[in-house]
Structures are given as C-alpha cells and as structure tokens.
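In: Sequence plus the predicted model coming up.
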Amino acid sequence: MLLMIGMSARASFRAQVKERPKIDLFPQFLALWEQKDIGSSEVRASRFLELVVEPHRNLYDAFVGTISIERAIRYIEKVDPLVPVIKSLHGWVADDFHQRLTSFQQKLPGFELRSSVVFMPTLFGFDAGGGSVNGTDFLIFGLDTIAKIDGLHADPSVLIAHELFHGYQASFHPEWSGKERGKNIPLYKLVWGEGIATYASQQLNPGASEMAIFRSSTLVASCKARLRSLASLLLEELDDTGKTPFMEWMSGQSRSFDVPPRAGYYFGWRVAAELGRSRSLTELARLDDDYVKMAMSHSLQSLKTG
C-alpha cells in the first residue's frame with residue numbers, strides 16, 4: 001500500500017510539472033532565418049512583427065515596450081549573428097525546463113510554479129524575469145539576450161534555478177506584491193533579492209562554474225579589487241529607491257566608472273553566503289526585510305573598514 005501511495009504521489013507530481021503552461025515564440029522566430037524568400041532586414045523585421053510580436057502583443061507591450069518597424073530592423077540586424085547560438089540554446093526549452101523544475105521542487109518542497117513560462121525574444125531588454133499581465137503571472141526567458149550575454153556557455157540549470165528561487169522567496173513575502181524597482185523598492189532589497197538567488201543557484205548546482213553563477217568572467221575580480229570603496233558607496237545608498245542607483249548596481253550595462261556592472265549581485269551573494277553558513281535556503285528566503293538590512297549594513301561596514 002505504501003509503495004502504491006508513493007508511486008501515486010510521484011505520478012501526481014510529474015503531472016503537476018507537465019501541466020505548467022508554456023509559451024514558446026522561438027519556432028516562429030527561428031523560421032524567419034529559414035525562409036528563402038526573405039532577402040533583407042526590412043522584410044525579416046516586418047515578418048518578425050507579424051508572426052512573433054503581433055500574436056503576443058500583450059506580452060510585448062508589458063515587458064518589452066512598443067516595437068516600431070525601425071526598432072525591429074535595428075534588432076534584426078543585431079541579432080542576426082546570434083541566431084546559431086539561439087538555436088542551440090532553444091534545445092533546452094523542451095528538453096530541460098521541466099526536468100530542472102522537477103529537480104528544484106524536489107530540493108525545495110512546497111514550491112509551486114504558478115506562472116506561465118514564456119520563451120520569447122526580448123530584443124536584448126532582459127534575459128529572464130517575471131511579471132503580471134491582467135492578473136496572469138509570467139516567467140519569461142529571453143534566449144536572445146541570454147545568447148548575447150552567455151553565448152554557448154549558458155548554463156540552463158543555473159539560469160532556471162536563479163529565476164525559480166525568486167518565485168520561491170516571493171511566496172514567503174506577500175507584502176512585496178505591487179512594488180516596482182526604481183520607484184518604491186529600496187536598493188538593499190534589490191541587492192538581497194538578486195544576491196540570494198545567485199547564492200541559491202550556486203547551492204543547487206554545486207558543480208557550476210563561477211562564470212555561470214555570476215554570468216561574468218570579471219565581476220568577482222572587479223569587486224574584490226575595490227571592496228572597500230564599493231562597500232562604502234553601497235552602504236550610503238541602501239535605502240535609495242530611485243532608478244539611478246538601481247541601474248548602477250543591478251544593470252548588466254556599465255553606468256559609471258565607479259561601479260562594475262551587476263556589482264549588486266556580488267555583494268548580495270556575499271551577504272547570503274555569510275548568513276547561509278548557519279541557515280538553509282528556506283530559512284534565508286523567509287528572512288524579513290529589517291533583519292536583511294541589518295545584516296547587509298553590518299557586512300558592508302566590515303568590508304569598508306577592512
């Protein structure tokens with residue numbers, strides 16, 4: 001009887017994973033490079049708008065913004081060299097995602113993915129992230145942006161674990177609902193959110209390389225080279241809710257000479273790693289904001305003073 005119950009539970013779990021809605025726009029996208037009658041970027045851009053964007057206008061309006069024909073042409077020309085990489089990465093959409101989700105749920109029981117999973121060209125706007133449109137939650141992976149950032153070195157296990165952990169952590173914090181980055185979320189919460197997701201992806205994939213975890217071959221060294229000055233600067237801006245510090249510390253694009261791109265991920269990871277010495281991932285995910293701010297302030301102060 002116990003064996004039958006166990007088999008039934010596993011079957012139910014597998015069914016739960018398989019039933020997750022998935023929207024994949026890349027077959028239509030990749031087909032644009034297989035159609036022999038397309039001879040110019042202008043024609044390909046027009047087809048891109050017609051076949052990829054328009055059928056999913058709600059997603060593009062919400063997450064990418066208005067796409068004019070001029071913007072589409074510029075994008076098509078820039079993405080063209082990346083198409084072979086995108087095609088390669090697309091293989092893990094069907095083959096790996098549900099397997100990674102199952103593994104995540106086994107390691108962190110109780111997590112239920114409530115979002116529709118979307119694989120779509122994001123026009124290099126973002127590599128992965130979540131949001132809601134008309135009451136429906138979406139978890140989006142922009143394979144074009146991932147191809148640009150990581151190339152063929154992209155590690156799907158790390159990427160998926162990172163994004164799923166955001167949802168796992170948010171499930172313990174309903175008070176976060178409705179908040180918006182660059183407007184009403186203090187910087188320390190953004191640094192913590194990305195730092196703990198980075199740390200979790202490392203713990204859940206212990207064989208992953210440092211480059212895969214941090215999505216950069218230079219971030220760790222760049223931050224270590226100026227720990228004191230960066231810690232001092234970040235300490236001063238922890239409560240800032242504006243767009244400028246958010247972009248400076250969290251963006252993958254260089255915003256100033258003083259702060260390396262995505263430096264917030266590194267410092268958030270350091271705090272999570274320190275707290276993780278005596279806490280499980282679940283315990284870390286449950287930590288309240290006041291405690292996180294206190295721990296981060298203490299960590300940065302220690303780095304600042306050496």
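Out: Good, I have the coordinates.
In: And the residue nearest the centre of the protein?
Out: The centroid of the chain falls nearest to Ala128 when counting by C-alpha atoms, centre = their mean (3.9 Å).
In: what pairs with that residue across the strands?
Out: Ala128 has the following beta-bridge partners by DSSP bridges: Phe141.
In: Who are the contact partners of it?
Out: Applying C-beta atoms under 8 Å, 6 or more residues apart in numbering to Ala128 gives the contacts 139-142, 146, 159, 162-163. C-beta coordinates here come from the backbone N, C-alpha and C atoms, glycine included.
In: where's Gly39, which helix or strand?
Out: Assessed by DSSP states H and E, Gly39 sits outside every helix and strand.
In: any low-confidence regions in the stretch 51-200 of the chain?
Out: 94 (pLDDT under 70).
In: any idea how far Phe257 lies from Ser216?
Out: 17 Å (C-beta to C-beta, to the nearest Å).
In: of these two, who's got more company?
Out: The neighbour count for Phe257 versus Ser216, taken as other C-beta atoms under 10 Å, is higher for Ser216 (20 against 6).
In: so that one touches Arg262, yeah?
Out: Yes: checked against C-beta atoms under 8 Å, the pair Ser216 and Arg262 is within contact range at 6.7 Å.
In: and the closest residue to Lys293 other than its chain neighbours, what does it touch?
Out: Leaving aside its chain neighbours, Lys293 sits nearest to Tyr188 (5.1 Å; criterion: C-beta to C-beta, 6 or more residues apart in numbering). When contacts are counted by C-beta under 8 Å, 6+ apart, Tyr188 touches 238-239, 292-293, 296-297.
In: again, 7 Å this time
Out: By C-beta atoms under 7 Å, 6 or more residues apart in numbering, the contact list for Tyr188 reads 238, 292-293, 296.
In: Any of those buried? List them.
Out: Among the contacts of Tyr188, those that count as buried by neighbour count (16 or more other C-beta atoms under 10 Å) are 238, 292-293, 296.
In: Could you check how far Arg47 is from Ile76?
Out: 9 Å.
In: and which of the contacts of Ala128 is nearest Val43?
Out: Closest approach between the contacts of Ala128 and Val43, by C-beta to C-beta: Gly142, at 23.5 Å.
In: How is this protein divided into domains?
Out: 21-150, 187-305 (automatic domain parsing).
In: all helices for the stretch 201-306 of the chain, in order.
Out: Using DSSP state H, counting those that start in this stretch, the helices found in the stretch 201-306 of the chain span residues 210-214, 219-225, 227-237, 243-250, 263-275, 281-286, 289-305.
In: Just the buried residues of stretch 220-230, please?
Out: Residues of stretch 220-230 classed as buried by neighbour count (16+ other C-beta under 10 Å): 220, 222-223, 227, 230.
In: And for stretch 239-259?
Out: Judged by neighbour count using 16+ other C-beta under 10 Å, the buried positions of stretch 239-259 are 241, 245-250, 255, 259.
In: possible to save those as TSV with distance to Glu283?
Out: Output for the buried residues of stretch 239-259, formatted as TSV (distance: C-beta to C-beta, whole Å):
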residue	distance to Glu283
Thr241	27
Pro245	28
Phe246	27
Met247	31
Glu248	30
Trp249	25
Met250	24
Arg255	34
Val259	30
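In: When you compare pLDDT across these, which one is lowest?
Out: Within the set of these, pLDDT is lowest for Arg255 (74).
In: pretty sure that residue contacts Phe246?
Out: No: the criterion here is C-beta atoms under 7 Å, and Arg255 misses it with Phe246 at 9.9 Å.
In: rewinding a little: in the contacts of Tyr188, find the pair that's most separated.
Out: Maximum pairwise distance among the contacts of Tyr188 (C-beta to C-beta): 10.3 Å, between Leu238 and Val292.
In: related to what we said a few turns ago, which residues do Ser216 and Arg262 both contact?
Out: With C-beta under 7 Å, 6+ apart as the test, Ser216 and Arg262 reach no residue in common.
In: Let me see the contact set for the nearest residue to Ala154 once chain neighbours are set aside.
Out: Excluding the flanking residues, the one nearest Ala154 by C-beta to C-beta, 6+ apart is Ile146, at 5.3 Å. For Ile146, the contact set (C-beta under 7 Å, 6+ apart) comprises 89, 127, 154, 159.
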